[in-house]
Structure formats: C-alpha cells, structure tokens
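Chemist: take a look and give me a structure for this.
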Amino acid sequence: MIVGNHDSSWLTKFDATKYFVSINNYLEVSDGQRGLILCHYPLVTWKHQKRTYMIHGHIHNDTTSDYWPLLCSRDRILNAGVDINGFRPVTFDELYENNQRFKQEYLNKER
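Modeler: Model prediction:
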C-alpha cells in the first residue's frame, strides 16, 4: 500500500499490516521489466529517473495547478489516478497509454 493524504485517520483504527505486504509513503520496485517509483504525490525528480518511472496519484485529473505543465512534459511521470485510467485497475502498458492520451488532450486544448 502506498499511503495517501486521506489515509492517516483510518490507518490508525486497525492493524493494516494484516492486509498489506507493506505500507509505504515511497517505494522503489520493479515489475521485472522496468524500475518503478511509487509515491502518492507526484515527484519531478527521483533516483534513476532516466530509466525508471514515477507512478503517482493525488492530483486526479486536475490540470490547473502551476506544476501541471512540468508533469505533462515528462513521459516517465505517470498518474495512476482512476480519473484518467477508466476507473479500473490497469496494466503498466495501459497506464502509460492512458497518460500519453491524457497529456496529449491537455496539450491540444492549450493550442
């Protein structure tokens, strides 16, 4: 589990370690093909950023923040939010494709 900004209150009410392999704020993992950095909040810099992917949540499909153009310009920053991923679990390839489409839609609106 990657802890998000709304998780602190309910995580204190029971032993969540019974239900999750790990509970982290930040985690470096691999899916066997690529390195993945997992964090609830989007990061613009991380370890091995030229060969790993930063997968985040938190911002949903909000493109109004001043940092959005920077996130949009980075192919290796991927939003795992349900808002842009069809409100269902997705594979890495689907996640990547959904992010590319979402970012391109934003860029097309800005022109």
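
Chemist: any idea what the spatially most central residue of the chain is bridged to?
Modeler: Residue closest to the mean C-alpha point of the chain, counted by CA atoms, centre = their mean, is residue 56 at 1.8 Å. Counting by DSSP bridges, residue 56 forms beta bridges with residue 79.

Chemist: and the helices in this structure?
Modeler: Taking DSSP state H to define them, one finds helices in the chain at 8-11, 68-72, 92-110.

Chemist: mean neighbour count, distance to residue 45 and mean pLDDT added to those helices, as CSV?
Modeler: C-beta here means a position set from N, CA and C on the backbone, and glycine is covered the same way. Shown next, in CSV, are the helices of the chain (neighbours: other CB atoms under 10 Å; distance: least, CB to CB, whole Å; pLDDT from 0 to 100):
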stretch, mean neighbour count, distance to residue 45, mean pLDDT
helix 8-11, 10, 25, 91
helix 68-72, 16, 11, 96
helix 92-110, 14, 18, 96
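
Chemist: need the ones you listed in TSV (columns: distance to residue 38).
Modeler: Converted to TSV, those look like this (distance: least, CB to CB, whole Å):
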stretch	distance to residue 38
helix 8-11	17
helix 68-72	16
helix 92-110	12
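
Chemist: of these, which is nearest residue 2?
Modeler: When these are compared by CB to CB, helix 8-11 sits nearest residue 2, at 12.0 Å.
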